[in-house]
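Asks: Fold the following.
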Amino acid sequence: MSLSQKHSNLTLVPWFNRNEWDYVYENAYSDHKEQQVKALDLLKVWKLRTPVLPAGVEGTLVILEAILTNDSLLTVEQLCHLYAIGIMRFLNLSAANSEKQGDFARTSMKNELPKWLIILRHDIAHGHQIPSLSSLRMGLEYGLQWLKEKYWEPQCNILRDYVAIEECATEDLAVFLSVYVQVKMESFKNKGISEKAVQNIILRSIIQMSDYGPVGVEILEEMIKQSLPLGQNKSGIGDCLKNVLVTDNALLFGKPESAKIDVEFKKLWSELLNILQEKKLLFVLIGKLYDITIDIEVSHTLKSVAALWIYEILLSLFALKYSKDNENVSISNYIELYSYDTYVQEALRFQEQVLKSFNSYSLYFIEMLLKYNENSDSFIVDTLSLIKHDNSDIKNVTDKIFTLDDLNLEETFEDTLGSIGNSPNINVSRCVRKIVGQQKWTKIEDTSIFANCPFGVLPHQIDLKHPFILM
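Replies: Numbering: from 1, shown residues only. You can find the predicted model right below:
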């Protein structure tokens with residue numbers, strides 16, 4: 001499978017990382033020929049890695065290869081032909097390429113190429129004589145500066161690394177996230193944490209980071225961000241979030257008061273939530289929190305905290321979505337998100353999942369979810385009314401699992417005798433003898449206790465209540 005198929009929405013490039021790209025850029029435009037030769041050598045390596053280079057890179061390779069030719073080994077005529085070919089290839093591949101024939105002049109003017117360069121190219125292609133060496137040299141030097149303005153400088157402002165996440169990258173994410181959680185929880189429990197304590201936690205967990213020098217929380221957050229490529233391997237990332245973040249030692253820590261997440265505790269995780277928002281992974285986290293609310297092996301407290309976090313995240317997304325479009329919308333006490341990304345399909349799928357398998361913990365966040373998905377007011381009212389009616393019998397939820405040992409069998413037996421006593425056809429005095437359970441079955445010799453109980457009718461079955469039983 002090709003790389004483009006494995007990693008959609010990403011562009012496969014020949015450079016290893018941004019540092020390698022910067023190295024070529026800086027050396028290509030150096031005033032020293034030796035530095036330009038280094039850039040040319042690496043450009044040739046890129047050409048071997050990816051035969052079809054970006055137009056700006058291809059043009060830079062063509063021009064540098066012509067300019068850096070050892071002119072002492074060639075005649076002036078040979079050098080003129082070499083420069084002429086360089087100008088032609090630069091213009092055709094980088095500056096004035098078009099899908100339509102005959103559009104060269106128009107495309108060149110659109111790309112802000114000077115008229116003299118267009119005439120120079122015309123003379124090369126159609127003239128009987130090659131232009132002078134100085135004119136050709138000037139054309140190449142102008143082309144190199146044009147590429148700097150049109151390709152290298154704009155790309156320098158927007159180019160960034162994307163690493164295809166694999167198993168090793170997920171392991172790195174787990175390590176960085178685990179250390180980040182330790183630092184944050186230590187800070188929350190102790191009402192603050194010193195830089196030295198942060199260093200000790202980081203270096204104790206990530207030995208190889210000692211080579212980087214002092215590493216603070218901000219650098220740790222950047223490492224987490226770099227370990228979260230956009231839209232890739234959400235399953236692996238989700239498992240990592242579940243194992244490290246969605247635990248009682250992280251997001252699910254403590255017991256919420258008044259059915260709310262503590263304000264300071266929310267602020268503690270705001271930067272991490274913004275990182276997940278930037279990478280479009282907030283609904284991956286919501287999904288893992290929801291799994292907690294439907295897990296029968298998880299305690300009531302953890303389920304409640306997970307449901308409250310779902311509400312807080314949905315509230316933040318709702319505020320981001322509607323405060324941007326409507327200044328009159330007033331929402332308070334939410335985690336501010338900076339990156340404006342919506343989750344249309346993910347939110348609708350989550351709504352369908354919640355409504356299909358609704359439980360009492362969904363009451364914490366269902367209204368906010370319905371509002372975020374822009375359901376009509378009537379649908380929201382009807383849905384909430386139906387849900388609250390179905391859950392009206394749920395008063396108190398405890399973590400205790402009841403068994404048969406919790407039943408009071410003696411009270412049950414006496415209640416049965418009481419109901420028998422209301423029947424005129426049954427002599428209660430002959431039925432009050434208790435049958436005491438033993439470890440083994442024993443045959444009852446005295447059958448008098450079954451007097452006035454016709455075959456097929458038990459003591460608690462009364463003829464008035466069962467008219468089809470013949471007494």
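Asks: For the stretch 1-150 of the chain, which residues score under the pLDDT cut-off?
Replies: Residue ranges of the stretch 1-150 of the chain with pLDDT under 70: 1-10, 95-104.
Asks: Repeat the analysis, applying 50 as the threshold.
Replies: 1-7 (pLDDT under 50).
Asks: what ranges do the helices span in it?
Replies: For the stretch 1-150 of the chain, the helices defined by DSSP state H, counting those that start in this stretch cover 3-6, 18-28, 33-49, 55-67, 76-90, 104-110, 115-126, 133-147.
Asks: just checking, what packs against the fourth one?
Replies: Going back to what we said before, that points to helix 55-67. Judged by 3 or more CB pairs under 8 Å, 6 or more residues apart in numbering; DSSP states H and E, helix 55-67 is in contact with helix 33-49, helix 76-90, helix 133-147. (Glycine included, C-beta is placed from N, CA and C.)
Asks: circling back to that earlier point, ranking the helices of the stretch 1-150 of the chain by burial, who's on top?
Replies: Of all the helices of the stretch 1-150 of the chain, helix 55-67 carries the top mean neighbour count, a mean of 22, counting by mean count of other CB atoms under 10 Å.
Asks: need the helices of the stretch 1-150 of the chain in TSV with distance to Leu285, can you?
Replies: Putting these into TSV (distance: least, CB to CB, whole Å) gives the following:
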stretch	distance to Leu285
helix 3-6	24
helix 18-28	28
helix 33-49	36
helix 55-67	38
helix 76-90	49
helix 104-110	46
helix 115-126	54
helix 133-147	43
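Asks: Out of the helices and strands packed on helix 55-67, flag the one nearest Lys191.
Replies: helix 33-49 (51.7 Å; CB to CB).
Asks: got the angle for the closest one vs helix 18-28?
Replies: 130 degrees (axes from the mean of the first three to the mean of the last three CA atoms, to 10 degrees).
Asks: if we can go back for a sec, the helices of the stretch 1-150 of the chain: which one's closest to Glu297?
Replies: With CB to CB as the criterion, Glu297 lies closest to helix 3-6 of the helices of the stretch 1-150 of the chain, at 35.9 Å.
Asks: that older thread, now tabulate the helices and strands packed on helix 55-67 in TSV and tack on distance to Phe365.
Replies: Shown next, in TSV, are the helices and strands packed on helix 55-67 (distance: least, CB to CB, whole Å):
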stretch	distance to Phe365
helix 33-49	48
helix 76-90	59
helix 133-147	53
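Asks: Which one, of these, ends up nearest to Phe188?
Replies: helix 33-49 (47.2 Å).
Asks: Restricting to C-alpha, output the closest one in CSV.
Replies: Output of helix 33-49 as CSV, limited to C-alpha atoms (Å, rounded to 0.1, in the frame of the first residue of the first chain):
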residue,chain,number,x,y,z
LYS,A,33,29.6,28.6,-3.3
GLU,A,34,30.6,25.8,-1.0
GLN,A,35,27.3,26.1,0.9
GLN,A,36,25.3,26.1,-2.3
VAL,A,37,27.0,22.9,-3.4
LYS,A,38,25.8,21.3,-0.1
ALA,A,39,22.2,22.4,-0.9
LEU,A,40,22.5,21.1,-4.4
ASP,A,41,23.7,17.7,-3.2
LEU,A,42,20.8,17.3,-0.9
LEU,A,43,18.4,18.5,-3.6
LYS,A,44,19.7,15.6,-5.8
VAL,A,45,19.0,13.2,-2.9
TRP,A,46,15.4,14.5,-2.7
LYS,A,47,15.1,13.9,-6.5
LEU,A,48,16.1,10.3,-5.9
ARG,A,49,13.6,9.9,-3.1
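Asks: If anything else comes up later, I'll come back, but that's it for now.
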